[in-house]
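Next one to model:
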Amino acid sequence: MAEIIKKVKLVAPAGQATPAPPLGPVLGGAGVNIGEFTTQFNEATKDRMGEPVSVVINVFDDRSFEIVYKTPPTTSLILKAAGIKQGSGKNLTKKVGTITRAQAEEIAEQKMPDLNATTIDQAVNVIEGSCRSMGIEIKG
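Down below sits the predicted model:
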């Protein structure tokens, strides 16, 4: 069996990966066939078009690779739930939006496979921390 020689972590828009920067240089430097990656990635993520998708690419010594798809970034899920474009640059003094506790729980359930939490309450605490750092309040 081939041995993993490199792991590359990327975030790319679902269904819209191209060989152009920033993906091309990163993948080329890792020895990944860029055309093959973009084809596989776009085909696998076409149902989530435009949404940011986190992936881990395991590159093997025979130049083959494996793509491991992760859940969308927490910040993008929070921004979508709050209905805003970006978080606050001054999170302690300027609040830019709110989400409900139920929305935080929904995000936590979706992120559960990628979080370092064993219960839903712990996962919600992680999401709440991300909200605080973005200047978003949680109501209810």
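
ok, and the closest non-adjacent residue to residue 27?
residue 34 (4.9 Å; Cβ to Cβ, 6 or more residues apart in numbering). For every residue, glycine as well, the C-beta is placed using N, CA and C.

The one you found: neighbouring residues, count only.
For residue 34, the count of nearby residues is 18 (other Cβ atoms under 10 Å).

How about the one 3 residues further on?
Other residues within reach of residue 37 by the criterion other Cβ under 10 Å amount to 23.

go on, residue 54?
17.

right, and the residue nearest to residue 27 touches residue 23 too?
Yes - using Cβ atoms under 8 Å, residue 34 is in contact with residue 23, at 7.3 Å.

mind giving me the domain ranges of this structure?
Domain assignment for the chain by automatic domain parsing gives 4-69, 74-139.

got the ones you listed as TSV, with mean pLDDT columns?
As requested, those are arranged in TSV below (pLDDT from 0 to 100):
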stretch	mean pLDDT
domain 4-69	92
domain 74-139	93
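
Check the spacing between the residue nearest to residue 27 and residue 80 real quick.
Separation of residue 34 from residue 80 (Cβ to Cβ, to the nearest Å) stands at 29 Å.

what are the ranges of the strands in this structure?
Under the criterion DSSP state E, strands of the chain are mapped to 4-13, 52-60, 65-69, 97-100, 136-139.

Out of the ones you listed, which is closest to residue 121?
Comparing the strands of the chain against residue 121 with Cβ to Cβ, the closest turns out to be strand 136-139 (13.6 Å).

nearest residue to residue 57 other than its sequence neighbours?
Nearest one to residue 57, counting by Cβ to Cβ, 6+ apart, is residue 8 at 4.4 Å.

what's the answer for residue 59, then?
Nearest residue to residue 59, sequence neighbours excluded (Cβ to Cβ, 6+ apart): residue 6, at 4.2 Å.

Just give the number of residues close to the closest residue to residue 40 other than its chain neighbours.
Counting by Cβ to Cβ, 6+ apart, residue 40 lies nearest to residue 67, which is 6.1 Å off, once chain neighbours are set aside. If you count neighbours by other Cβ under 10 Å, residue 67 ends up with 16.
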